[in-house]
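Colleague: sequence unknown, structure follows:
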């Protein structure tokens, strides 16, 4: 019983982390129609900001990571993604791949190809006991942060005029523009939020692993992509559910898989969405792939 | 108020509109008719900034629209009710209207005033727009455009796919707007209704203006039937 | 008389010779260098085979795959394990089955087995993956890449785990790599110009139109995916027999970016582009690596391992290409299609194929015409809007039925239901007595139902002859037999002059005719035309009437004609069905329909009643 409870909390925590990644990717996808490969590098760069400012008080370092995530997302949008906004999705995907490769290797050149260790506050690596279950404090942080993010995204999307514009743009971009919704602004806001979410994920990963590396964004971006596919393209909270499922699956497989198969956990986790796609080619929640045009 | 000067529109290497001139004065209701493929929708898309004309320009109240982003054109007071309505189906009726309003503060009052015209929409304000019937969706599309207090209202096929009873409702509504002095550009395939309703009409086929004038002038003009029906009667 | 051809013999020869010459030059230059330079060039040529593998799938389908390097990994491991000396097998991969460990295969058989294994793997993986959407394929293939990495990195007893394998025999020479690369070019071009390749290219150009001529999207993608796996596997196998070492990261993310950059910079649609891009990027890479590491040995494939400036440079080149030159260096054209090349050789423009010799064989006119297309009580609603309210319709081969009615009457929706693009809420559609509700448009095309669309939906990058021939190929007709059929159809529609032009370059009127030609090439028994005269000028409309009359006479198919231009309907159709508000208002002869006041009012409006009579 204790073990089950422990495993469930671990699953929920990893699922939350994956949900945050998926949200960052799906937000850009819904508004602009681009699957952003470089999202993993936004995560990585934010983590490196934490590494670079490790000497500052923790809160200041986290703030600088957040600002880095937002700044790099806005910069990438302006320089690389705006010129290909009206091309097809394959071209956009390859463009974002190029951005990912550039950012990754810039860090390799500027810092090092090897992983660097980062000091994290002691309080975070400790655990708290609830009854017989011992929960790492980081899992509380992850769960709490995910809750806050989901609530604020919900508030933004459903309670503000900007959110209304974003939802409208997600459904029919041209029609939203015909009503005076400013395209550049909506896309920039989506990227800024996406960058902030990437930064949050970057900080959480660093606190979990205690290190940063130039390729640390690769697995998260794949997780996010797959979660978006499972959730149904263009469904914002569908992607969050996809992330939750994927994270929970990964965590539970880690706990219950026979010893010999544990190393193949990732292989099994990433095969699972393909099985879903066989039966539901448009994802679990079945979003439409194409967008309406005026 | 709106003036088109030698507008050409093309997609890739293919031109579909070959030099259109058109002017609309304040308070005027101008109809644009012609068969499928005549280039009507392409002209509207070029006015609203969704496609850039390959040559010529559109001028609205002295400002050249060509090259402007659609959202900026919309903010000048030019509202399009597109063919197929394109209401936001995942949003509620009220949210659709809020999107049409220029800003949140004085928008609310205008939404209220607009809803007075559309009792059925007031009744369904909090329902998702895809629950509306076709006629109600068309009313919502027009209401959404009106909330923005347009100086020029452009309607693309407002009666398309509607039952005759609903068409009558829509046209009664348009008649009221016209009486209030709203300037309109009305695009329809249905020649008769448009000619009856408009102050004057432009007849297009294959990307060119074939005839224009008031109802009486058009009915005496043999080019109209030719353009529209492709033969001498 | 020579048979008509999709491209002239000189154009084919140039398209083959230019990339082969480039490979030959690279091989000769490589062979004359130091051993380390030879190794560099050998790896570039192996990499070229992988890029060609990617081209076969991505270039022809327009769908990016991020997983093809997974097939290179699979091929490389299979080849390495098959050739690893027994002494090393025990040390590195104790879990390897004995029949493989004791095999001691030579270079050629191991490469062939590796290629076959990768091809088989691609078919197995592709079976579920190709069912997903155009956007899901890049993501699920990316997932596949990670799965392969994860498996080889952790299956220690068989693959040597993350530390990889060493002491693999180095049997690939620069000459053998050049030969393999040349063979890969021939294979890639042969596929591109095969019936299957054309069908796949049609889906890239327009998915909807491709389905309407009977093309099974999933099947065509799967074939190319499998072939792509074969080439990638061969490339990986040859590369590992050059470098002698292999680890899970050899063909991973970095190599994926490099491979994709090479293809995109060259121009994905073209085999020539793949060769050009690979060589150009390899040279740039060489220079960048020189800057980065002094004179260290360049390793084209394992860029991810020693990353730095070179990778940034490649990323910037890829980004700049996507923004400024999306068709790449080749412009997406094969060498034989480059007009500057022909001018350079003072040969004038590329000689067009000579289809005028084709008209010897006209379509059969004595086809058995029996059966009927019938729809009964079709109803359909879209989000609360009732579009069709119990419409019935019959169309016999050889008959022309006009379908008219005001905008929004439900004409096009009905046509979509008849052709399988839309499933009705209720009612039945029977094709020659067989219930076909729920069948895909492609299946219906195979049963003899052709259609056009309100938009012309051309295949812009294919020539007119190719666009029509692919219609016949969609029916499973081979390339050689499809071309005369296409030439004959083009001749009937007065489009033979334009046969060698890209479909996207035609004026709108001709594009519409081309759409009809494409539908006719599937030899339909029933042809559904949606507003074929929309956007045509008067002369073109007159021509259309003559053409459609000829079609009725020569092809013997039944025509359902939706048309706004009444004169065309009245001229062609002895029977006219009038729809209004989703219901049938009247069925009758043109005279009956014209005389019916209800029809005139619904269609033209009452105020024109008098004018029409006048």
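Modeller: Structure's in. What do you need? It should be emphasised that the depicted structure is a prediction, and the values quoted were computed from it without experimental measurement.

Colleague: The helix or strand bottoming out on mean pLDDT in chain A: what's the following helix or strand?
Modeller: Ranked by mean pLDDT, DSSP states H and E, the weakest helix or strand in chain A is helix A:122-125, scoring a mean of 78. Next helix or strand after helix A:122-125 toward the C-terminus (DSSP states H and E): strand A:127-130.

Colleague: ok, which stretches of the stretch 201-350 of chain C are helices?
Modeller: With helices called from DSSP state H, counting those that start in this stretch, the stretch 201-350 of chain C shows them at C:207-212, C:217-243, C:253-266, C:271-293, C:309-324, C:339-344.

Colleague: want to try a markdown table for the ones you listed, with distance to residue C:419 as columns?
Modeller: C-betas here are computed from N, CA, C, even on glycine. Listed next are the helices of the stretch 201-350 of chain C as a markdown table, based on distance: least, C-beta to C-beta, whole Å:
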| stretch | distance to residue C:419 |
| --- | --- |
| helix C:207-212 | 7 |
| helix C:217-243 | 16 |
| helix C:253-266 | 36 |
| helix C:271-293 | 35 |
| helix C:309-324 | 37 |
| helix C:339-344 | 39 |
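
Colleague: Give me the neighbour count for the residue of chain B found nearest chain C.
Modeller: Per C-beta to the nearest C-beta, residue B:192 is where chain B lies closest to chain C, at 2.4 Å. Applying other C-beta atoms under 10 Å in any protein chain shown, we find 19 residues neighbouring residue B:192.

Colleague: what residue ranges in chain A are flagged as low confidence?
Modeller: A:1, A:234, A:285-294 (pLDDT under 70).

Colleague: Kindly report the residues of it close to chain B.
Modeller: Within reach of chain B by C-beta under 8 Å from any C-beta of the partner chain, chain A has these residues: A:161, A:164-165, A:167-168, A:171-172, A:174-183, A:292, A:294.

Colleague: just checking, what packs against the biggest helix by length in chain A?
Modeller: Taking DSSP state H as the criterion, chain A has its longest helix at helix A:2-32. When contacts are defined as 3 or more C-beta pairs under 8 Å, 6 or more residues apart in numbering or on different chains; DSSP states H and E, helix A:2-32 packs onto helix A:39-52, strand A:133-136, helix A:137-159, helix A:161-171, helix A:183-209, helix A:218-231, helix A:236-256.

Colleague: Distance from the second one to the middle of the chain?
Modeller: Strand A:133-136 sits 25 Å away from the centroid of its parent chain (C-alpha atoms, centre = their mean, to the nearest Å).

Colleague: Next: the longest one.
Modeller: The offset between the C-alpha centroid of helix A:183-209 and the centroid of the whole chain comes to 7 Å, using C-alpha atoms, centre = their mean.

Colleague: Just the buried positions in that helix, please.
Modeller: Residues of helix A:183-209 classed as buried: A:183, A:186-208 (neighbour count, 16 or more other C-beta atoms under 10 Å in any protein chain shown).

Colleague: try the fourth one
Modeller: Neighbour counts over helix A:161-171 (16+ other C-beta under 10 Å) mark A:163-171 as buried.
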